[in-house]
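Peer 1: sequence and predicted structure, then a few things I'm wondering about:
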Amino acid sequence: MTSLRIRRPDDFHVHLRQGDMLRDVLPSTAMIFGRALVMPNTLPPVLTGDDAVRYERTIRDAAVMAGASAVDFQPLMTIKIVASTTPEIITEAKAKGVIAGKLYPEGVTTNSEDGPKNLRSLFPVFERMQSEGMVLCLHGEVPGVFCMDREEVFLHSLRDLAVIFPRLRMVLEHVTTAAAVQAVMDTSFLSPGVPGNVAATITPHHLLLTLDDVVGDKLRPHHFCKPIAKKPSDRDALVRAATSGNPRFFLGTDSAPHARDQKECASGCAGVFCAPVAMEVLAEVFEDHHALDKLEAFTSEFGARFYGLPLNEGHVTLMKPKDSPYAVPERIHIVDGEIVPFRAGETLRWLCEV
Ligand SMILES: [Zn+2]
């Protein structure tokens, strides 16, 4: 049996939901990851430091109920940057432990109807984030544009922000295009004398899927997410970035569970529940591209360094059991129904354990 022991990973982009769903899905993240950056697009949204403190307490309580290794899990809190966010809200949130603000342009994904229409009106907020050392996480798509082009069109705004706020650390979340990968690499040359301030998260599923896996032959709602998976050449660029050892690219799973009936219907929700298989899928991808030696940095070092956090102390072990590969369940039962995880019904070569 081959095995690989690596530093306990961090997930720098996850949707942990609320209520029963939170308790159902949290163990998939908290049993493996040391920390996770928790997205604020809940209902109601996380808009202030006080909201974040309340949500963090709920998550920690759920982690205690999940038991064992989940108890050590540390949620990293964010607030949602909306049109009504003020510089004062930023300072107050930072003082309460919030490390990032997440910006969703209006209407671009789940619960983003309150997003800002134009970024210029938020410049005083970005200015304050820069001076407070708070990271700006960007859902980098322009609403209203043809869906395959939304990310690429957003890159103009990314370049502008990187020039106007050269010390504001920004993360272009869940990149899906070769153009986005290139834009993130290019930003290091925009402001001479300033170390690059733009990084990107990459999801496990975007390292595997193309649009064909969503709508090519059959409609596969459990592969539908935003930004939508793109062309094979885009997917290949993401794989090259993730396995390159470039510290500007690190793991954010964007694990986003929805109940099965919310996915398999006439107007299905966007989101892939990849947390239960995230490390296993990454091990496969990195192994297939002869880059297993780069996996630990991608999952456990680059993100923490970008956010200025210490590396996790613990470790996880990826095993490749010869006789009993990991059979991913068809469905995961939850209080209110069931969720279909990424790679449901398939067998994976690797298995990750704490
Ligand atoms: Zn997300």
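Peer 2: It's in.
Peer 1: strands of the stretch 101-250 of the chain, start to end?
Peer 2: 135-138, 170-172, 198-202, 249-251 (DSSP state E, counting those that start in this stretch).
Peer 1: mean pLDDT and distance to Asp51 added to those, as a markdown table?
Peer 2: All C-beta atoms are positioned from the backbone trio N, CA, C, and that covers glycine. Output for those, formatted as a markdown table (pLDDT from 0 to 100; distance: least, C-beta to C-beta, whole Å):
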| stretch | mean pLDDT | distance to Asp51 |
| --- | --- | --- |
| strand 135-138 | 98 | 16 |
| strand 170-172 | 97 | 21 |
| strand 198-202 | 97 | 23 |
| strand 249-251 | 97 | 26 |
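Peer 1: can I get those in a markdown table including mean neighbour count?
Peer 2: Compiled in a markdown table, those are given as follows (neighbours: other C-beta atoms under 10 Å):
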| stretch | mean neighbour count |
| --- | --- |
| strand 135-138 | 24 |
| strand 170-172 | 26 |
| strand 198-202 | 26 |
| strand 249-251 | 26 |
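Peer 1: let me have the ones you listed in CSV, extended by distance to Asp217.
Peer 2: Formatted as CSV, the entries for the strands of the stretch 101-250 of the chain read as follows, by distance: least, C-beta to C-beta, whole Å:
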stretch, distance to Asp217
strand 135-138, 33
strand 170-172, 30
strand 198-202, 25
strand 249-251, 29
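Peer 1: between these, which gets nearest to Lys94?
Peer 2: Of all these, strand 135-138 sits nearest to Lys94, with 10.7 Å by C-beta to C-beta.
Peer 1: surely Val277 forms part of a helix?
Peer 2: Yes - Val277 sits within a helix when classified using DSSP: H, G, I helix; E, B strand; the rest coil.
Peer 1: quick one: contacts for it?
Peer 2: Each residue near Val277 by C-beta atoms under 8 Å, 6 or more residues apart in numbering is listed here: Pro204, Tyr326, Val328, Pro341, Phe342, Arg343, Leu348.
Peer 1: mind checking which of the residues you listed are in strands?
Peer 2: Judged by DSSP state E, strands contain the following of the contacts of Val277: Tyr326, Leu348.
Peer 1: list just the nearest of the contacts of Val277 to Val272.
Peer 2: Taking the contacts of Val277 together and measuring to Val272 by C-beta to C-beta, the closest member is Phe342, at 5.2 Å.
Peer 1: find the nearest non-adjacent residue to that closest one, please.
Peer 2: The spatial neighbour of Phe342 that comes closest, neighbours along the chain excluded (C-beta to C-beta, 6 or more residues apart in numbering), is Cys274 at 4.1 Å.
Peer 1: you'd agree that neighbour is up against Pro341?
Peer 2: Yes - under the criterion of C-beta atoms under 8 Å, Cys274 makes contact with Pro341 at 7.2 Å.
Peer 1: Val46: neighbour count?
Peer 2: Val46: 24 surrounding residues under other C-beta atoms under 10 Å.
Peer 1: ditto for the one 3 residues further on
Peer 2: Neighbours of Gly49 under the rule other C-beta under 10 Å: 20.
Peer 1: quick check: it touching Glu88?
Peer 2: No - with contacts counted by C-beta under 8 Å, Gly49 stays clear of Glu88, the gap being 10.5 Å.
Peer 1: for this structure, give me the ranges with low pLDDT.
Peer 2: Applying pLDDT under 70 to the chain picks out residues 1, 68-70, 107-108, 189-195.
Peer 1: the helices in it, which residues?
Peer 2: Taking DSSP state H as the criterion, the chain carries its helices at 19-30, 49-66, 87-95, 123-132, 150-164, 178-186, 232-242, 260-263, 278-288, 295-300, 302-307.
Peer 1: elements contacting the shortest one?
Peer 2: Packed against helix 260-263 by the contact rule (3 or more C-beta pairs under 8 Å, 6 or more residues apart in numbering; DSSP states H and E) you find strand 337-339.
Peer 1: what does the strand it packs on rub up against?
Peer 2: Residues lying outside strand 337-339 but in contact with it, judged by C-beta under 8 Å, 6+ apart, are Asp24, Val25, Pro257, His258, Ala259, Arg260, Asp261, Phe273, Arg331, Ile332.
Peer 1: which one of these sits closest to Asn118?
Peer 2: Proximity of these to Asn118 was ranked by C-beta to C-beta; the top entry is His258 with 29.8 Å.
Peer 1: sounds good, over and out.
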